[in-house]
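J.: structure for the following, please:
(2 chains)
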Amino acid sequence: MSIRSEFATFAGKSSYWFLHTFMNGGSSLPGKITTAIDPAILKHLGQNYDIIVVTGTNGKTLTTALTVQVLKQKYPNVVTNPSGSNMEQGLVTTFLKAKNPKTNRPLAVLEVDEANVIKLTKYVKPIAFVFTNIFRDQMDRYGEIYTTYNKIIDGVKLAPEATIIANGDAPIFNSVDLPNPKIYYGFKNHDDKDNFKAEPNTDGVLCPVCQNILHYHYISYANLGNYFCEHCGFKRPELTHELTKLGALTPNSSDFTVDGQDLSIGIGGIYNIYNALAAYSVGRFLDVDPKDIAKAFTANERVFGRQELIDIDGKETTLVLVKNPVGLNQVIDTISKEKDDFSLICLLNANYADGIDTSWIWDGEFERFTKMPIKKFITGGERYKDITFRFKVAGVDENIHEVQPNLEKVVEEIPTLPTQKVYILATYTAMLQLRKDFAEKGYIKGGME
Amino acid sequence: MTKEYTLHIAHLYGDLMNTYGDLGNILVLKYYGKKMGINVESQVVSLDEDFKSDDYDIAVFGGGQDFEQSIVSKDFQTKKDEIKKFIDSDGCLLAICGGYQLLGKYYIDAEGNKIPGIGVLDHYTEQQHDNRFIGDIKIKNKETGEVYHGFENHQGVTYTGNGERPLGDVEQGYGNNGTDQAEGAIFKNVYCTYFHGPILARNNIIAKHILIKALKRRYPNDDFSAQEKIDVSESY
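T.: So this is what the prediction gives:
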C-alpha cells in the first residue's frame, strides 16, 4: 500500500466515523475526501474483494439486495452499497465503511450507475457483471439506449475475464461481441410457434445485425422476450437459466419456476421476477444451492422496500415510485392483478430528480386503468394539469375523477376514499413530499429510506 | 353531428420513431375526434411498407433515437414521391423533432454524420457541439395570435427555407436554432416542430386545426360548423 493510499484511507475512514457518529449520515462525503487525496483509491480499497457489479436502467437496487440475500446463504462476508450510492464516491465510501474482512476474499455486490462502471474497472477487475436491462430513462441524463449501453461496454472492456450475467431476453445485450464468458437468463415458459412484432410504442426493436424489425415468439414486457430476426437469423442466445413457469401472480407476490426449482418473492411485477432471476443466476454462478436461493428469497421482506404498504387510518395504501415509461407500464401491469376494489392516486412532479420533461406519461398505458375495479381516481402533484389530461384522454370516468393539486389535501382525503385499498403512483419528488407529510401525521417513521 | 365521419392516420415509423411520448399526439387526435363525431383510425407505416397518399388524411411522424433515425432515413427515400403527393394535395402532416428533420434536406447526427432527409421541405439541420436545447418553451403564432407551450430537447439546429413560415415566434426557450427566434415550420397543411409534451396534448387547439382541415379535405361538401364550435381549452 502506498503512503498516499494509506493516508487517503485514514482520512476517509475518519470522516466516515465523524459523520456517522456526530452528523447521523455520511454517504458520499468520505468518498469525496478519499478520492481527492488519492484518485486511484479504489484500486487499494477494492483489490481484496471479489466484486460483482450490477448495472442497467431498472432493477439495480432490488437485484443487488436479492443477490446479497442469496450469497449470504453460503458466504459470511458480503459487502454492498446502499441504494443511490452507486457513483464512484459512493463506492469508495462503501469500501471505507466495510469492517475488516474475516475471510480472505470477501464478496462485494455493488449497484453501479451505468456511466460509473468504467470508473470502477479502471482500478479493479470484477469477477462478474450483471446486466438487468437498458430502457429509456430520463433522456436528459444519458440519452439513447445505445449510448447508455456503450458506456457500460467501455467499462466492461477493461475486465475481459469477468463473467457477464445478462438478461437474455434483452436484444441489446446480444448486440456487441465481447470476449467475456457469458451466462444468460430469461423466460422459457412458451413454445416457439408464435411469430409477432412488439407493440408500436416499444423501444429498441431493430435487429443489431441487419437493422430489420425484430420478431418475437414471446414477449414478457416492453422489448424483452424470445426475439429473432426473420432476415438474418439473429436470435436470442441459449439460456443458461430458464424460467419455465409463471405461477400465481398478485400485486404483492410472484410464484415461478426456474431450472425446475419453485421460487417465490413477496413482490409483484414481471420486472421483479427478472430481478430475482438475475439474483438466482449470480447465486448459481457462485454455487449457492437452488433450495437455499428459494429460502433466501423469502427470508427478508424488507428488501422489497420500494413498493410499500402503509396504514392510513385503516386504508391499505400502497405507495409506488414511477420514473420512466417501462417502469410505469410494469407498475400498471402489476396493479392489474388486484382483484379487490381500489382507489388510484397519481402524483406528477417535474423537478430534476423526476425528469423535467413530462412527455413520458404519454407512453404509459393509463387506458388499462379504465378496465380495473377502480372506484375513485385522484390526480395531483405540481404538474397536475398534464396528468389530469392524460387520464381524461385515457377515458377515465369524469364522475369518479377528482383533481387535487394540493398534496396535503390528498393525504387528508385518503381515509375518506370509498375503498379499503388505495394505490398511489408518485414521481420521486412527489413521493418525498408525500412521505414527509405521512411522517408528520405519524403514518410512517422517518423519511425516504 | 348525425353523420359518422372517419379519418385515417398514418403513424409513420411508429415502431421506430417513438421517443418522448409522441404517441400522445395520436391519442389526443382520437380523443377530440370522438368529441367531434369522427372515428379516427391509425395505422403504423414502417420499413418496407407502402405509404399510399390517397389512403390517409393525417400523417404523424415522431422523433427517434439516432440509430433508428439513420435506418428510417434510408427507407423514407422510397416513400418520398407519395409523401410529396400527400403534402401537395393538402394532406395534414404533423412532424416532430427527427420527423421534422427528415422532411428537410438533411440533418447532422450527434456523431457528425450527415443523414439525408427527403427534401420535400426546404429546411436543413446542422449540429451544435456539446450542447442541447432542453427545457420548457413558449411560442406565439403571428397569424392566429395563438400561444403554444411545449418542451424542447434537441441537439440539431434547423434553418427554414422557401415557403416555410414558423409555427411560432419564440417567447421563452430556444426554438429551431436559438438565433432567429423561430420555432418549427408550417408549409401548406404540414406542421413541423421540436415540441414534445406532446405538442397536441399541451396545445389542443392545434389538434382541432388538424382535424377540421382533414375533415374539410376528405368531405369537401359538408358543413363542419358544429365541429368548429368544440371547446378545446381544457389542458395546459
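
J.: chain B contacts on the stretch 101-250 of chain A?
T.: A:136, A:139-140, A:143-146, A:197-198, A:200-203, A:205-206, A:211-213 (Cβ under 8 Å from any Cβ of the partner chain). From N, CA and C alone the C-beta is placed, and that goes for glycine too.

J.: so what's residue 119 closest to, chain neighbours aside?
T.: Picking chain A for this. Among residues not flanking residue A:119 along the chain, residue A:88 sits closest, at 4.4 Å (Cβ to Cβ, 6 or more residues apart in numbering or on different chains).

J.: wait, chain B
T.: residue B:105 (4.8 Å).

J.: so that neighbour sits right up against residue B:126, yeah?
T.: No. Under the criterion of Cβ atoms under 8 Å, residue B:105 is not in contact with residue B:126, lying 11.0 Å apart.

J.: chain B: strands as residue ranges?
T.: Taking DSSP state E, the strands of chain B run over residues B:5-12, B:38-45, B:58-61, B:92-96, B:106-108, B:114-116, B:124-127, B:133-140, B:147-154, B:156-159, B:168-172, B:182-183, B:185-187, B:190-193.

J.: which residues of the stretch 251-400 of chain A fall in strands?
T.: Under the criterion DSSP state E, counting those that start in this stretch, strands of the stretch 251-400 of chain A are mapped to A:253-258, A:261-265, A:307-312, A:315-321, A:342-347, A:374-380.

J.: please identify the most buried of these.
T.: strand A:342-347 (a mean of 25; mean count of other Cβ atoms under 10 Å in any protein chain shown).

J.: identify the residue nearest residue A:398 in space, chain neighbours excluded?
T.: residue A:392 (7.4 Å).

J.: what mean pLDDT does stretch A:351-363 have?
T.: Average pLDDT, stretch A:351-363: 90.

J.: touching chain B at all, it?
T.: Yes. Stretch A:351-363 reaches chain B (Cβ under 8 Å from any Cβ) through A:356-363.

J.: returning to that earlier point: pick out the shakiest of the strands of the stretch 251-400 of chain A, pLDDT-wise.
T.: strand A:307-312 (a mean of 83).

J.: shouldn't residue A:216 be within a helix?
T.: No. The assignment for residue A:216, made by DSSP: H, G, I helix; E, B strand; the rest coil, is strand rather than a helix.

J.: quick one: the helices in chain A?
T.: Assigned by DSSP state H, the helices in chain A fall at A:3-18, A:29-37, A:41-46, A:60-72, A:88-97, A:117-121, A:145-156, A:270-285, A:290-299, A:325-335, A:384-394, A:407-413, A:428-440.

J.: a markdown table for those helices, including mean pLDDT and mean neighbour count?
T.: Converted to a markdown table, these look like this (pLDDT from 0 to 100; neighbours: other Cβ atoms under 10 Å in any protein chain shown):
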| stretch | mean pLDDT | mean neighbour count |
| --- | --- | --- |
| helix A:3-18 | 73 | 17 |
| helix A:29-37 | 78 | 21 |
| helix A:41-46 | 88 | 21 |
| helix A:60-72 | 95 | 25 |
| helix A:88-97 | 89 | 25 |
| helix A:117-121 | 96 | 21 |
| helix A:145-156 | 93 | 20 |
| helix A:270-285 | 97 | 25 |
| helix A:290-299 | 95 | 18 |
| helix A:325-335 | 92 | 22 |
| helix A:384-394 | 97 | 21 |
| helix A:407-413 | 96 | 17 |
| helix A:428-440 | 92 | 18 |
